[in-house]
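Enquirer: the sequence and its predicted three-dimensional model are supplied below.
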Amino acid sequence: MGEEISDKTIDNIFDRYINTSGLIFENREVLRHTYVPERLPHREKQYESLAAILAPTLVGESPSNVFEYGQTGTGKTAVTKAVLNILKNKCQEVNSNLKTCYLNCQIVDTTYRVFANLNESIGLQIPVTGLPTEVVYSRFVEALDALNCIFIVVLDEIDMLLRKSWDALYNLTRINSDLSKSKLSIIGITNNVKFKESLDPRVRSSLGEEEIVFSPYLAPQLKDILEDRCDIGFKPEVVDPSAIHIAAAFAAQEHGDARRALDLIRVAGEVAERNGITIVTDEQVRQARQIIERNTVAEVITTLPIQTKVVLTSIFEQISNHKSHNTTTGELYELYSDISKELMIDQLTQRRISDLINELEMLGIINCRVVSKGRYGRTKEISLSVPLREIKEVLSNDYRISEIIDRKRK
Ligand SMILES: Nc1ncnc2c1ncn2[C@@H]1O[C@H](COP(=O)(O)OP(=O)(O)OP(=O)(O)O)[C@@H](O)[C@H]1O
Ligand SMILES: [Mg+2]
């Protein structure tokens, strides 16, 4: 039996929340990723380059295609949206006919959807499925040409198109030869450094007519960004300088990610709110970091495919049952085979399991070290980089895996 919770306790929690929450945030939305700030400190160079590249639009000429890349949280999306907003207003002022469409390719990830969305952006409804892709494409070409305009399409997270819909990219880079009155330009954005190499050379040269690189932010730059946002997101005097200082330092360690910095400060505010404190200091930021890290690990593990989860379960079992810090690939494969039989899923070869182990390492869930076993050759020692308790908690959320874990405990 848990502790008795009286209505009074809950009432107190709610009261405390009502009393403090109004004292912490001025506007919480400002601290979320989706908010596009008016000022983007330390991105002046990228801002100006993009503006200069897109400027021909103002005199009715189509700009070059642009390829933007840089690590996650370095302001690519924010800068692009901000520049396009200003450009749109300016085009209205000078009567230049500009249409834009922003697509996040993580969501719009098939050729069909890409062209359906493009059609929609110029007011043409397309059924969710059912038409041949060529028809959706040619309708777009026809409707776009009739508009007699410059059309700028932003393909954010463009690397996502490569898996299922590289032909969307191919068609878009060649679409101008099908248009006579309108012109289309592409802004492609990615945080995947390998993306460009994997492109078809013709697409690559067309897409990369202009390139803008977004370098990671350094701690002092993140501090400026946070100060700006805290000024409008929090009530005056709530955020202590120590909080900003440490949030910037943490985020700088993680490849200078402004998104992480903002998350830290927002969650730190929520920690204060929950505890009924009206000041945010480095202490709340430290707690926020723990919360965020736990959530990301949980999310990564939860969304793993079943085979990878079984491999992780085998590693977990092996380490927790033998009370050692690591296990080897040989030991693991035996256990993996048992569990996959029990779950009645396909049994993969040892080679495939090695690949899955590498994936888990890349995701930062495990650590691998190759050790020499003398004349027996070499083997891989595997250890967990996340506490056992956390792994167990998240794995147990999968009902198939939780049965296995429970059974092994008996
Ligand atoms: N220079 C800046 N000034 C103010 N806020 C910024 C700046 N750069 C980034 N941000 C903020 O940080 C968050 C992440 O930025 P953004 O979404 O533009 O990153 P990104 O480079 O597109 O990352 P990803 O590759 O993960 O999509 C956003 O909330 C954005 O407003
Ligand atoms: Mg982005």
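Expert: Looks like it came in fine. Ligands and ions are numbered 1, 2, ... in the order given.

Enquirer: hmm, who's touching stretch 374-394?
Expert: With C-beta atoms under 8 Å, 6 or more residues apart in numbering as the contact definition, stretch 374-394 has outside contacts at 294, 297-298, 301-302, 312, 315-316, 319-320, 325-330, 332, 354, 357, 364-373, 405. C-beta: built from backbone N, CA, C; applies to glycine.

Enquirer: sorry, that was for stretch 47-64
Expert: Applying C-beta under 8 Å, 6+ apart, the external contacts of stretch 47-64 come out as 40, 66, 68, 79-80, 82-84, 86-87, 90-91, 94, 96-98, 150, 152, 176, 183-185, 187, 209-210, 212.

Enquirer: among the residues you listed, which are in strands?
Expert: Those of the contacts of stretch 47-64 mapping onto strands are 66, 68, 98, 150, 152, 183-185, 187, 210, 212, per DSSP state E.

Enquirer: closest one of these to Tyr137?
Expert: Nearest to Tyr137 among these, counting by C-beta to C-beta, is Leu184 at 12.2 Å.

Enquirer: now that closest one. Nearest residue, chain neighbours left out?
Expert: Once flanking residues are discounted, Leu184 sits nearest to Phe151: 4.6 Å by C-beta to C-beta, 6 or more residues apart in numbering.

Enquirer: and what of Ala251?
Expert: Excluding the flanking residues, the one nearest Ala251 by C-beta to C-beta, 6+ apart is Ala261, at 3.6 Å.

Enquirer: got the CA coordinates for the helix or strand harbouring that neighbour in CSV?
Expert: In this structure, Ala261 sits in helix 258-275 according to DSSP states H and E. Extracted as CSV, the C-alpha positions of helix 258-275 are listed here (Å, rounded to 0.1, in the frame of the first residue of the first chain):
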residue,chain,number,x,y,z
ALA,A,258,21.6,26.2,-28.4
ARG,A,259,18.5,23.9,-28.2
ARG,A,260,20.1,22.0,-25.3
ALA,A,261,20.9,25.3,-23.6
LEU,A,262,17.3,26.5,-23.9
ASP,A,263,15.9,23.2,-22.7
LEU,A,264,18.2,23.3,-19.7
ILE,A,265,17.0,26.7,-18.6
ARG,A,266,13.3,26.0,-19.3
VAL,A,267,13.4,22.7,-17.4
ALA,A,268,15.3,24.4,-14.6
GLY,A,269,12.5,26.9,-14.4
GLU,A,270,10.0,24.0,-14.2
VAL,A,271,12.0,22.4,-11.5
ALA,A,272,11.9,25.6,-9.4
GLU,A,273,8.2,25.9,-10.2
ARG,A,274,7.5,22.3,-8.9
ASN,A,275,9.5,23.0,-5.7
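
Enquirer: got the buried residues for it?
Expert: Neighbour counts over helix 258-275 (16 or more other C-beta atoms under 10 Å) mark 258-273 as buried.

Enquirer: what comes into contact with it?
Expert: For helix 258-275, contacts defined as C-beta under 8 Å, 6+ apart pick out 17, 20-21, 24-25, 28, 31-33, 72-75, 217, 222, 225-226, 229-230, 233-234, 238-239, 243-244, 247-248, 250-251, 254, 278-280, 284-285, 287-289, 291-292.

Enquirer: ok, of those residues, which come out buried?
Expert: With burial judged by 16+ other C-beta under 10 Å, the buried subset of the contacts of helix 258-275 is 20-21, 24-25, 28, 31, 72-75, 217, 222, 225-226, 229-230, 233-234, 238-239, 243-244, 247-248, 250-251, 278, 280, 284-285, 287-289, 292.

Enquirer: of the residues you listed, which ones also sit close to ligand 1?
Expert: Taking C-beta under 6 Å from any ligand atom as the test, ligand 1 is in contact with 72-75, 225 out of those.

Enquirer: of the residues you listed, just say which sits nearest to Glu134.
Expert: Taking those together and measuring to Glu134 by C-beta to C-beta, the closest member is Thr72, at 35.1 Å.

Enquirer: phi and psi next, for that closest one.
Expert: phi -60, psi 140 (degrees, to the nearest 10).

Enquirer: can you give me the pLDDT of it?
Expert: According to the prediction, Thr72 has pLDDT 90.

Enquirer: with the one 10 residues further on instead?
Expert: According to the prediction, Ala82 has pLDDT 93.

Enquirer: ditto for Ile405
Expert: pLDDT, Ile405: 85.

Enquirer: count the neighbours of it for me.
Expert: As a burial measure, Ile405 scores 18 neighbours (other C-beta atoms under 10 Å).

Enquirer: can you tell me the closest non-neighbouring residue to it?
Expert: With C-beta to C-beta, 6+ apart, the residue lying closest to Ile405 is Ser396, at 5.9 Å.

Enquirer: state the distance from the one you found to ligand 1.
Expert: Noted for Ser396: a distance of 30 Å to ligand 1, by C-beta to the nearest ligand atom, to the nearest Å.

Enquirer: and this structure, which of its residues are near ligand 1?
Expert: Proximity of the chain to ligand 1 (C-beta under 6 Å from any ligand atom) is limited to residues 33, 35, 37, 40-43, 70, 72-78, 191, 214, 225, 258-259, 262.

Enquirer: hang on, the earlier thing: got a markdown table for the ones in strands among the contacts of stretch 47-64, with pLDDT and neighbour count too?
Expert: Output for the ones in strands among the contacts of stretch 47-64, formatted as a markdown table (pLDDT from 0 to 100; neighbours: other C-beta atoms under 10 Å):
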| residue | pLDDT | neighbour count |
| --- | --- | --- |
| Val66 | 97 | 23 |
| Glu68 | 96 | 26 |
| Leu98 | 97 | 19 |
| Ile150 | 97 | 23 |
| Ile152 | 98 | 25 |
| Lys183 | 97 | 20 |
| Leu184 | 97 | 23 |
| Ser185 | 98 | 24 |
| Ile187 | 98 | 27 |
| Glu210 | 95 | 18 |
| Ile212 | 96 | 21 |
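
Enquirer: out of the residues you listed, who's nearest Lys341?
Expert: Relative to Lys341, the closest of the ones in strands among the contacts of stretch 47-64 is Glu68; by C-beta to C-beta it sits at 48.4 Å.

Enquirer: identify the bridge partners of the closest one.
Expert: Beta-bridge partners of Glu68, counted by DSSP bridges, are Ile189, Ile212.
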